[in-house]
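> Okay, here's the prediction I keep looking at, along with the sequence it came from:
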Amino acid sequence: MPSPRIRRLILDEQRLQQVFRNWHPIQITGTAGMPPEIYRFAYNLRGLYVSPGGEILERDVHLLEVNLTLGYPRRAPQCRMLTPVFHPNFDDSMVCIGDFWAASEGLDDLIIRIGRMIAYQEYNTKSPLNGLAAKWAAQNPQLLPVDPRPIAPPIKSEEIAPAAVEPLPAQAPHPAELAQSADALATVADPWSEKIVIGSQT
């Protein structure tokens, strides 16, 4: 019988393939191991980097490597960018994810969160890996996020539990009921829609 870690790796692979299938902003570009212990992801998002001349410029493709070590999932995955990123919580060798990783968190959630960080939809200026990027973000909140587009794939209808699906009405609803339904849908919060910013913006 597979160990708990191997079972977790198998479930992670199944979930990642399901969540990011046909989703252009985040794509799995490579794996190593059976089941995979190393992943490579491509983020087709706007982010920032510093040019050789010192200019802060945009780039549209970012590559991430994720290593699921022997301590995973108790210990956070080792994440490093393979392309340069100018962000308070990234440096040349790692991505700072220790503040929000828990063994119960899905690997797909982590990958989405890193995408939100690349797009500056999330950043932490209180304990930065890149102090210059933290200072720049605090001084330029009007320029953020760099990419406001949704990072998380939409929830597919087949992922909704059958009990959550209400039967269709026997007759067409009154227009007033349709308006109320539309208002109710508009108030449902997208779990990835809120911009999370930690630290002073003054």
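Cool, got the structure.

> Can you tell me how far residue 35 is from residue 66?
Distance, residue 35 to residue 66, using C-beta to C-beta, to the nearest Å: 13 Å. Any C-beta I mention is one placed from the backbone N, CA and C, and that applies to glycine too.

> Name the helix or strand of the chain that has the lowest mean pLDDT.
helix 175-186 (a mean of 43; mean pLDDT, DSSP states H and E).

> For the nearest residue to residue 58 once chain neighbours are set aside, grab phi and psi.
Leaving aside its sequence neighbours, residue 58 sits nearest to residue 46 (C-beta to C-beta, 6 or more residues apart in numbering; 5.4 Å). Dihedral pair for residue 46: phi -80, psi 130, per degrees, to the nearest 10.

> Look at residue 46 and report its pLDDT.
If you check residue 46, the pLDDT there is 98.

> Around it, how many other residues sit close by?
Other residues lying near residue 46 total 18 when counted by other C-beta atoms under 10 Å.

> Equivalent analysis for residue 97, please.
Neighbours of residue 97 (other C-beta under 10 Å): 18.

> Now it: closest residue in space, sequence neighbours ignored.
Residue 97 sits nearest to residue 76 (C-beta to C-beta, 6+ apart), 5.5 Å away.

> unless I'm mixing things up, that neighbour is touching residue 94, no?
No - taking contacts as C-beta atoms under 8 Å, residue 76 lies outside contact range of residue 94: 10.2 Å.

> circling back to that earlier point, if you count surrounding residues, which of residue 35 and residue 66 has more?
Ranked by neighbour count (other C-beta under 10 Å), residue 35 and residue 66 place residue 66 first, with 24 against 17.
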